[in-house]
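**Q** Just a sequence and a predicted model for now, questions to come.
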Amino acid sequence: MGHERISHLPSTKQWRNIVAQLTEFSPQNNNVALIATNTTKNVAQQIERMNQDKGVLASFSYLLILLHASKQRDPHAFLQQNGITLSSSFSLLELARSIKQFNLANSENTEYATISSQALIDTVSTWTKKEQQQTTLFFGGDADPFEPWRRAADAGSFSEISRIYFSNFLGRYLKYFLEREASASFNNLFDRSDFNKRLDSHLDDISRNAFETTKVTQQFAAGWYNNNAVKQFPKATEIQGFVGYALKKLKRNLVYNLDLED
């Protein structure tokens, strides 16, 4: 996400305490681990409410639309019916641009829309590379760009790709918040660079842990997909129900792994 600006961040007392800790950081007083832990605690406290955000729901809806379109006789027609336009031999770059446009057009909170769209871009990139390695399929030319998503449109693959998405979402949210606040807090370029290096090591641990904790959603995801998305495109309420459940499970596992009380 680079240095792209997002409209606003949470302004609760807990977040302000984290910002205060950031301003006190120095190489001699390494409180990065504490900052990362406190940030994760605050994410755990509010992550369950994210299923009410239109940007988060739009992001996950895009993924489901893409999977469902891949099984249709005319995939492009189904995409257009749902507000998505892609060329006949769309590339991964075009897909990424389309995800951003769709999310911005179907969101109210720029912060969550940006983070969730980037999480989905990370996810489709990971999935595409995985499929290319296994089948040597490449976008463009005579290749069918829907083929990776056609293979993703079953219960087992959906449970895998949804797990990748939620771990990407959490990692993006944590890292962006801390990097932005660090950038605003440090006047010394050396301290800022040193902080980012130390932060990356802690967030890499958090991201790996988040991927492990999202494993608990896989069995539920497979069953949900079989019941709600195999024969028909799921209703908006069904999508929100799935996202809400996944986020609740992620919250509970974050809380558990941080030794917090729910």
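**A** Happy to help now that I have it. Residues are numbered from 1 along each chain as shown.
**Q** Doesn't Lys231 belong to a strand?
**A** No - going by DSSP: H, G, I helix; E, B strand; the rest coil, the assignment for Lys231 is coil, not a strand.
**Q** quick one: pLDDT of it?
**A** Looking at Lys231, its pLDDT reads 90.
**Q** what's the burial count for it?
**A** Using other Cβ atoms under 10 Å, Lys231 is surrounded by 8 other residues. Using the backbone N, CA and C atoms, a C-beta is placed for each residue, glycine as well.
**Q** Phi, psi for it please.
**A** Here is the backbone geometry of Lys231 (degrees, to the nearest 10): phi -100, psi -20.
**Q** next one: Phe146
**A** Residue torsions, per degrees, to the nearest 10, at Phe146 are phi -90, psi -10.
**Q** so what's it closest to, chain neighbours aside?
**A** Of all residues not flanking Phe146 in the chain, Ser70 sits nearest, at 4.2 Å (Cβ to Cβ, 6 or more residues apart in numbering).
**Q** Next up, the contacts around the one you found.
**A** Listed by Cβ atoms under 8 Å, 6 or more residues apart in numbering, the contact partners of Ser70 are 146-147, 149-150, 152-153.
**Q** try it again with 10 Å
**A** 78-79, 144-153 (Cβ atoms under 10 Å, 6 or more residues apart in numbering).
**Q** Same check on Tyr165?
**A** 59-60, 63, 116, 119-120, 122-124, 126-127, 214, 243, 246.
**Q** one step back: how near is the residue nearest to Phe146 to Pro148?
**A** Distance, Ser70 to Pro148, using Cβ to Cβ, to the nearest Å: 8 Å.
**Q** With Lys54 instead?
**A** Counting by Cβ to Cβ, the gap from Lys54 to Pro148 is 27 Å.
**Q** which one of the two has more residues nearby?
**A** Shown here are Lys54 and Pro148; by other Cβ under 10 Å, Pro148 has more neighbours (25 against 16).
**Q** which non-adjacent residue is nearest the more buried one?
**A** Glu131 (4.1 Å).
**Q** Could you say which helix or strand holds the one you found?
**A** helix 110-135 (DSSP states H and E).
**Q** Give the other helices and strands that the following helix or strand past that helix contacts.
**A** Toward the C-terminus, helix 110-135 is succeeded by helix 147-152 as the next helix or strand (DSSP H and E). Under the contact definition 3 or more Cβ pairs under 10 Å, 6 or more residues apart in numbering; DSSP states H and E, helix 147-152 sits against helix 54-70, helix 110-135, helix 155-185.
**Q** show me what contacts the nearest residue to Ala155 once chain neighbours are set aside?
**A** Distances taken as Cβ to Cβ, 6+ apart put Ala222 closest to Ala155, at 4.0 Å, once the chain neighbours are dropped. Ala222 is in contact with 154-160, 162, counting by Cβ under 10 Å, 6+ apart.
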